[in-house]
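Engineer: Here's my sequence, what's the structure:
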Amino acid sequence: IDAYCLAEIKKHILNEDAMRSISEQIATAAGNSSDEMQEKRDKAASRKEKITGIIKKIKKDVYEGEISEDMGKEMTADYERELVELENTLQGLQQALQCAITPEVVYLYLQELLTLHGSENDELQKVLFDKLIDKIEVHDDRIEVHLIVFPFARSGDSKPCGQPHYSLSLDTTREELKRM
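Structural biologist: Just a heads-up that it's a prediction; the model follows:
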């Protein structure tokens, strides 16, 4: 069964085409577009830069006596509040971008598992099986292997709730396994 499972993992998950496809599917299922978040972050950063320039200009005008100090404080108050809001928004977007489920993140996870595939080390193969085999069902006439990819699961979670994933069920007969 081990040889069959390893062959099927290599065939359906740990090859270049499958890894790219699975990465795209999982990122799409997650539904958070890092491009969209990046665009929002860029707009917020641009606005922050513009407001910082406006505040500097008002302070310069106060210093040069073009406007009164009271008027300067009044004019900068709203901009400073918006600046604080923008800084909080930027911080939140940066954290979201670091946690975003992107095809690249999923692909790197699968690449990491691919390095375990060729190993003769039983412990490394056990890790590979634990990460990619959901269950194996043995019936009288056939064996079902359920492959699964949960790249964002915590260790010990067999089916993390709400996590995007990829799954595939495979059937083989006992005779096919004997020939391996």
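Engineer: So which residues of the chain form helices?
Structural biologist: Ranges of helices within the chain are 2-12, 16-30, 34-63, 69-99, 103-117, 122-132, 174-178, based on DSSP state H.
Engineer: Check the average confidence over the fifth one, would you?
Structural biologist: Averaged over helix 103-117, pLDDT sits at 77.
Engineer: hmm, who's touching it?
Structural biologist: The contact list for helix 103-117 (Cβ atoms under 8 Å, 6 or more residues apart in numbering) reads 6, 9-10, 13-14, 19-20, 22-24, 26-27, 124-125, 127-128, 131-132, 149, 151. (Each C-beta comes from the backbone N, C-alpha and C, glycine too.)
Engineer: Okay, buried residues for it please.
Structural biologist: 103, 105, 106, 107, 109, 110, 113, 114, 116, 117 (16 or more other Cβ atoms under 10 Å).
Engineer: Let's see stretch 92-107 as CSV, backbone CA atoms only.
Structural biologist: Taking C-alpha atoms only, stretch 92-107 is exported to CSV below (Å, rounded to 0.1, in the frame of the first residue of the first chain):
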residue,chain,number,x,y,z
GLY,A,92,-3.9,45.8,9.1
LEU,A,93,-3.4,45.5,5.4
GLN,A,94,0.3,44.5,5.9
GLN,A,95,-0.7,41.8,8.4
ALA,A,96,-3.4,40.6,6.0
LEU,A,97,-0.9,40.4,3.1
GLN,A,98,1.5,38.4,5.3
CYS,A,99,-1.3,35.9,6.0
ALA,A,100,-2.8,35.9,2.5
ILE,A,101,-3.3,32.5,0.9
THR,A,102,-1.6,32.9,-2.5
PRO,A,103,-0.7,30.4,-5.1
GLU,A,104,2.9,31.1,-4.3
VAL,A,105,2.5,30.2,-0.6
VAL,A,106,0.7,26.9,-1.4
TYR,A,107,3.2,26.1,-4.1
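Engineer: any idea how far the residue of the chain most remote from its centre is from residue 71?
Structural biologist: Distance to the chain centre peaks in the chain at residue 65, reaching 52.7 Å (criterion: Cα atoms, centre = their mean). Note on residue 65: its distance to residue 71, by Cβ to Cβ, to the nearest Å, is 11 Å.
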